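>>> Pasting the sequence and the predicted model now:
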Amino acid sequence: MTRRLILMFLSLLALGIALLGLWPHAGHEANALLLLMLTLQAAGQAAWHWRNLLLSQLFLGLSLLINLLITCTFLLPESWVGVDHWGALLASLPGDWHIANIRPPILMLLACLGLNCSALLRLRLGLGSAIQLAQISLLMIFAIAADPSLSVASMSLAGFERMTLLSFIGLLLLAQWADLLPALTQMWRRNVLPLIISTMLTFICLLAWQQQSQDENNRINQATYVLGDKIATQLSREINDQLNAMRRFAGFWSLMGQTPTGGEWQRLARSYYKDFDYFQNIAFIDPDSVVTRVFPDKAGNHDVLGIRLFDTQPDTPLRNPLELGIEGHTGIIDLLQGGKGMVSYLPVRNTRDGSILGAIAMVVNLEPLLDKALNSARNEAFAITLSERGSIYIHVGPESRLAPWGHRIPIELPATDLTLGLQPTQQYLAASRGRLPEVTLLTGIMLAYLLFLVIYMYRRVSQEHGIVKNANDALKEEMVRRERLQKEIQWLARHDELTQLPNRRYFLEQVQSFSGKMPLTVMILDIDFFKSINDKLGHLEGDRYLQKIAAVSRAPVEAAGGILARFGGEEFVVCIPECPRAVGRTLAEELRRAVQGAGLPQPATDSVVTVSVGMACVARAPLRLEALLQAADEALYRAKSSGRNQVQVAA
Ligand SMILES: Nc1nc2c(ncn2[C@@H]2O[C@H](COP(=O)(O)OP(=O)(O)OP(=O)(O)O)[C@@H](O)[C@H]2O)c(=O)[nH]1
């Protein structure tokens, strides 16, 4: 209970941090969507830790939907659902929504997705929760360590917001690890190998993603640079072309050797002017720096007629052509007609005597010039600027949602350090960036997850197989043991443990099987004065005597095809099938001698141990065993009473 409370507290703490750190404020409506997703996720996970399944599935499911929608913007090819389509979808929401500001960096988004899925799958080891958490941990490490520029066209989560999101994911991840750990430590054998293999695969995928993202960034960067370079080249070419044209124009008046008359000026200037529509105007300035002619003769230009430029602009480069006979160029200046531009002054000298007739002023307005150079390149994808030493003179295109990088390309122009700036928009980056890195990453993560499941299942099945096999082996062993025991019991039931001879029961069974093998001889052997052996030498020694006598008697009986059994106490009984009386008697004598020959000391007689034998024989069926044994017993009694150590045969 306490553990679950702590885990729930961690999830709610994550929620609190997210609310504090990402609460939408002016201009950040987009955070609202992210915040909604995170709120649902944290609430869902807290509900899971509290084991409220229904609530957790509801919250997590809704959060998953938002997450998948955002993930799709990274994955779906531009030709399927373009960035513009996503934009149109977002435009229907109130506020400033845009693809680049609704989606967090892909690694963090996938970490949230993973946390969401593992909680939805109820942190079950069998469904691969261990690898999911390991993958999320790896994503976190990369999210912290990787270059932020790899997450193109995502929220620019700076400092505090980035820390907020990282802490949010970190806390939820910590809670899930803590929840899973007890089960994982129990089942670590099953998990450790697939975990290592799949984590390594995920790591490789992340490296591949990093590399591909880098390549993709370089490609876009390069393409943007090429475009910028093209515009810059176009700009300098335009200016140089019109400068050359103006040089020809000035050269014409030099050849004429006179200042232009109104009609000539209009005619010739018009033909030049129409080729370069970004000219603000062309003017003729007399040697005293007074503007005497201007084309076109329209409102703004008309105002400059008659102005003595040395008065208004004492340091004007106009002094170059008028005083030195060489070209003079301004930098970027505020034009008298308004706007930013540059003026080139070209000398007009009489070619015959070299006298300075005046100067041609060529006023170029930067904005139309840039327009002409941009040609079709002017669109909403790039912000283009013209600047000089940090001061931006012209800005064309969007001013916000720009990429965090851009290119600055110097333009080769006389007397200026003009620089062209080109900065793509986030929209352009999102649309033109290939989806391969993200597709690789997600496919790799899925593959690693599936690989984990396959290895995990294989190990689980083989472990269970091992358990079944062990149980089987134990069962087999038990069966063998029981069989052996049963045999032992069976043997004990039929044998005498001390002498290893068949007992009375087994003897009676065997004798029944001899019933057709007539003639049949039965003997009873009784050790003489055995009591005194026990009394004098002890029972243990008595047992040893019994064993010895059984051993010496057994071989001759079995050689004759009969059976020797211990009948009880110090009495043995013999039955030999197909044994006539005479043969039986000989065998009985042989047994008696064998016992005597064993040389076991007999304290009662100070001699050796002997046996008395009573024998009975039946010549033909039917076998009446009881009567036969009775006859043998009576013969034994006679042998005992006749002095022992002898064989008596029943009549
Ligand atoms: N050590 C030992 N003694 C046994 C066993 N079974 C019976 N006896 C002993 O055998 C003895 C039999 O003695 P008795 O029946 O009096 O006969 P006996 O001393 O042999 O004398 P006779 O038969 O008349 O020659 C008893 O003292 C029993 O205790 C046994 O398994 N082990």
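Arrived safely. Numbering: from 1, shown residues only.
>>> buried set for the helix or strand containing residue 300?
According to DSSP states H and E, residue 300 maps onto helix 299-302. Within helix 299-302, the residues that qualify as buried are residue 301, counting by 16 or more other Cβ atoms under 10 Å. Heads up, the C-betas are built off the backbone N, CA and C, glycines and all.
>>> Which other helices and strands does it contact?
strand 279-285, strand 291-295 (3 or more Cβ pairs under 8 Å, 6 or more residues apart in numbering; DSSP states H and E).
>>> Reformat those as JSON lines; add mean pLDDT.
Listed next are the helices and strands packed on helix 299-302 as JSON lines, based on pLDDT from 0 to 100:
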{"stretch": "strand 279-285", "mean pLDDT": "86"}
{"stretch": "strand 291-295", "mean pLDDT": "91"}
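>>> can you count the residues close to the residue in the stretch 551-651 of the chain that the ligand sits nearest to?
Of all residues in the stretch 551-651 of the chain, residue 569 sits closest to the ligand, at 3.5 Å by Cβ to the nearest ligand atom. Burial of residue 569 is recorded as 11 neighbouring residues (other Cβ atoms under 10 Å).
>>> follow-up on the earlier one: please put the alpha-carbon coordinates of the helix holding residue 300 into CSV.
Written as CSV, here are the backbone C-alpha positions of helix 299-302 (Å, rounded to 0.1, in the frame of the first residue of the first chain):
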residue,chain,number,x,y,z
ALA,A,299,6.8,62.8,-59.1
GLY,A,300,9.5,61.5,-56.7
ASN,A,301,12.3,62.0,-59.3
HIS,A,302,11.1,65.5,-60.3
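>>> Between the two ends of stretch 603-622, how far is it?
44 Å (Cα to Cα, to the nearest Å).
>>> Does the ligand have contacts with it?
No: if you take Cβ under 6 Å from any ligand atom as the test, stretch 603-622 misses the ligand, and the best it gets is 7.1 Å.
>>> can you pull the buried residues of that stretch?
609, 610, 611, 612, 613, 614, 615, 616, 617, 618.
>>> Is it possible to get those out as a markdown table so that each row also shows pLDDT and secondary structure?
Listed next are the buried residues of stretch 603-622 as a markdown table, based on pLDDT from 0 to 100; DSSP: H, G, I helix; E, B strand; the rest coil:
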| residue | pLDDT | secondary structure |
| --- | --- | --- |
| 609 | 95 | coil |
| 610 | 96 | coil |
| 611 | 96 | strand |
| 612 | 97 | strand |
| 613 | 97 | strand |
| 614 | 97 | strand |
| 615 | 96 | strand |
| 616 | 96 | strand |
| 617 | 94 | strand |
| 618 | 92 | strand |
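>>> what two of those residues are the furthest from one another?
Longest distance between any two of those is 30.1 Å, between 609 and 618; criterion Cβ to Cβ.
>>> Any figure for the gap between the residue of the stretch 301-450 of the chain found nearest the ligand and residue 193?
For the stretch 301-450 of the chain and the ligand, the shortest gap (Cβ to the nearest ligand atom) falls at residue 450, measuring 76.1 Å. Between residue 450 and residue 193 the distance is 16 Å, computed by Cβ to Cβ, to the nearest Å.
>>> Name the nearest residue to residue 91, sequence neighbours excluded.
Nearest residue to residue 91, sequence neighbours excluded (Cβ to Cβ, 6 or more residues apart in numbering): residue 97, at 6.9 Å.
>>> Okay, now the unreliable bits of the chain?
Scanning the chain for pLDDT under 70 picks out 26-30, 277, 376-378.
>>> interface residues of it facing the ligand?
Close to the ligand, as judged by Cβ under 6 Å from any ligand atom, the chain has residues 526-531, 534, 539, 542-543, 546, 569-570, 640.
>>> domains in this structure, as residue ranges please.
Domain segmentation of the chain under automatic domain parsing yields 2-185, 218-435, 504-649.
>>> okay if I get those as JSON lines plus distance to residue 205?
Converted to JSON lines, these look like this (distance: least, Cβ to Cβ, whole Å):
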{"stretch": "domain 2-185", "distance to residue 205": "9"}
{"stretch": "domain 218-435", "distance to residue 205": "15"}
{"stretch": "domain 504-649", "distance to residue 205": "78"}
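>>> Residue 492 is nearest to which of these?
domain 504-649 (10.7 Å).
>>> got the end-to-end distance for the closest one?
Domain 504-649 stretches 22 Å from its first residue to its last (Cα to Cα).
>>> Tell me how far it lies from the chain's centre.
86 Å (Cα atoms, centre = their mean, to the nearest Å).
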